[in-house]
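S.K.: here is a sequence with its predicted model. Questions after.
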Amino acid sequence: MQGLSVEHLLGIKYLNANDIDLIFKTADHFKEVINRPIKKVPSLRDITIANLFFENSTRTKLSFELAEKRLSADVINFSAGQSSVKKGETLIDTVNNILAMKVDIVVMRHGNVGAGVFLSNHVNAKIINAGDGTHEHPTQALLDSYSIREKLGSVKGKKIVIVGDILHSRVALSNIFALQLQGAQVKVCGPTTLIPKYISSLGVEVENNLKKALEWCDVANVLRVQHERMEIKYFPSTREYTQLFGINQEILDNLGKKIVIMHPGPINRGVEITSEVADSDQSIILNQVENGVAIRMAVIYLLAQQIKR
Amino acid sequence: MSKKTLLNSKDIEIILHRLACELIENHNDFSNTVLIGLQPRGTFLANRLAELLKTAYHIKDLKLGLLDITFYRDDFRRKETPLAAETSKIDFLIEDKKVVIIDDVLYSGRSVRAALTAIQSYGRPENIELLVLIDRRFSRHLPIQPNYRGRQVDAINEEKVLVSWKETGKKDAVYLEQR
């Protein structure tokens, strides 16, 4: 068996199709592990992992921490809110101080695009990007594809539409890379102001009509409007956004087929998706969360395998 | 590279019958016993024994599970090539059960050590026994011995014991090969 072709998980764009296949197959085994009465394996007993979250996170942070603990790694957590970053320390200094405590793997979320790549060039540890600004969020894309593969059998040839705020979404970009690498077709749908100008250069079609987009697709991955990243107004009102791009049960019932609904969370219920849809049997939102732990276990396990003492 | 046949298909068949009888002696109708084949190579022997116990010895309700020990091995990160996992398939709890771990060759004992740890994830068994087709003497790294053995083999470290099964498209046989 070949290992991963990369030394860090910085983004999906650095991976190849074999890497994704390997991660999925490894995740299959870990999914079995986390459904056992005792959900823990001792593989990473001698590995220490630091979770550095310079931006808020609930799901991703918990998911990574749980994945690390299920693999028996030692875990230290860091949130920028309570740290010396506020006192003016640079990123490299912060991380090198943490590495001086003998840390092998760094999981980092940062507000700046390329923070993971920058770090991987300057410090001696495996880096896993848990989201860098509006750029990439590779483990989210992997778990999204993995959930599609689980639900529909494969990703190849499937039609996926990503609905919502594409401009500010690292989930969207990583998903586009991951889905195309696996041979899926991708469209994006949302207000023109929230679609990046050059998205077509990635081979992605834009559809501004939600109903047409949903009629075309097998899977709709619905994104949250990221108000916190918006310095100006991109659409007139939340109410208007919901009327044009919100998914409700009535729209789904009129499609004449059953599509799969995904959402990376956190959900703004009643804005991009109604509660009825989020909790329906078409939604695999909670499966995505469960799969997130298995995928992150696989990524950490495969990267840890490369660490030599 | 010379290859010597240790057991042919007839030998293996006789041994399988003997092992089945020894198991029955200790486990009666297997109502409180489970068989666990170790992935990947122990599963052939485990499946064969389970089949034999059902057909030739009329044991009903035999519980057979397959256990993968990859994540419990002690050589993680010590090899150049990554360790590939296989599927674990145990659809029952082993709490208070008698467990028989089944593997084809007992060599260093490290796989069995890993299996002893791995099996705990499925509950606390009443006791655990070990059944192997080939027990290689003089090569143990750990204080582990089988309860049931098909054949004891004296082989030096430069020699390799190869077990082939008809399920893999070859014939049933055990060879001793010079490395």
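M.R.: Nice, I can see it. Numbers count the residues shown, from 1 in each chain, chains lettered A, B, ... in the order given.

S.K.: quick check: the residue lying closest to A:N268 once chain neighbours are set aside vs A:V271, distance?
M.R.: Distances taken as Cβ to Cβ, 6 or more residues apart in numbering or on different chains place A:R224 nearest to A:N268, at 5.6 Å, with adjacent residues excluded. All C-beta spots, glycine's among them, are computed from the backbone N, C-alpha and C. Taking Cβ to Cβ, to the nearest Å as the measure, A:R224 falls 8 Å from A:V271.

S.K.: what helix or strand does the residue nearest to A:N268 sit in?
M.R.: Per DSSP states H and E, A:R224 falls between elements, in no helix or strand.

S.K.: that one against A:P266, yeah?
M.R.: Yes. Contact criterion Cβ atoms under 8 Å: A:R224 and A:P266 qualify, at 6.4 Å.

S.K.: which one's more surrounded, these two?
M.R.: Each of A:R224 and A:P266 has its neighbours counted (other Cβ atoms under 10 Å in any protein chain shown); A:R224 has more, 19 against 10.

S.K.: other SSEs contacting the lowest-mean-pLDDT helix or strand in chain A?
M.R.: Least confident helix or strand of chain A, by mean pLDDT, DSSP states H and E, is helix A:91-99 with a mean of 86. Helices and strands touching helix A:91-99, by 3 or more Cβ pairs under 8 Å, 6 or more residues apart in numbering or on different chains; DSSP states H and E, are strand A:48-53, strand A:105-110, helix A:115-122.

S.K.: can you say which of these is packed in most?
M.R.: Comparing the helices and strands packed on helix A:91-99 on average neighbours per residue, with mean count of other Cβ atoms under 10 Å in any protein chain shown, the densest one is strand A:105-110 at a mean of 25.

S.K.: what strands line up against that strand, and which way round?
M.R.: Here strand A:105-110 has these sheet partners by DSSP bridges: strand A:48-53 (parallel), strand A:126-132 (parallel).

S.K.: picking that back up, need the helices and strands packed on helix A:91-99 in TSV (columns: mean pLDDT).
M.R.: Shown next, in TSV, are those (pLDDT from 0 to 100):
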stretch	mean pLDDT
strand A:48-53	94
strand A:105-110	95
helix A:115-122	92
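
S.K.: which one of those lies nearest to B:L176?
M.R.: Closest of these to B:L176 is strand A:105-110, at 43.4 Å (criterion: Cβ to Cβ).

S.K.: list the contacts for residue 149?
M.R.: You didn't say which chain, so I picked chain A. A:24, A:155 (Cβ atoms under 8 Å, 6 or more residues apart in numbering or on different chains).

S.K.: wrong chain, I was asking about chain B
M.R.: B:106, B:131-135.

S.K.: which elements pack onto the lengthiest helix in chain B?
M.R.: Longest helix of chain B, by residue count under DSSP state H: helix B:9-27. Under the contact criterion of 3+ Cβ pairs under 8 Å, 6+ apart, helix B:9-27 touches helix B:42-55, strand B:98-106, strand B:127-137, strand B:148-154, strand B:173-178.

S.K.: paired strands for the last one, with orientation please.
M.R.: Spelled out, that is strand B:173-178. strand B:3-7 (antiparallel), strand B:159-164 (antiparallel).

S.K.: tally of neighbours for residue 135?
M.R.: In the absence of a named chain, chain A is used. As a measure of burial, A:H135 has 21 neighbours, counting by other Cβ under 10 Å.

S.K.: that's the wrong chain, I meant chain B
M.R.: Neighbours of B:D135 (other Cβ under 10 Å): 20.

S.K.: and it, how far from A:S237?
M.R.: Taking Cβ to Cβ, one finds B:D135 at 77 Å from A:S237.

S.K.: now the strands paired with strand A:105-110 in a markdown table, with distance to A:D19?
M.R.: Output for the strands paired with strand A:105-110, formatted as a markdown table (distance: least, Cβ to Cβ, whole Å):
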| stretch | distance to A:D19 |
| --- | --- |
| strand A:48-53 | 20 |
| strand A:126-132 | 14 |
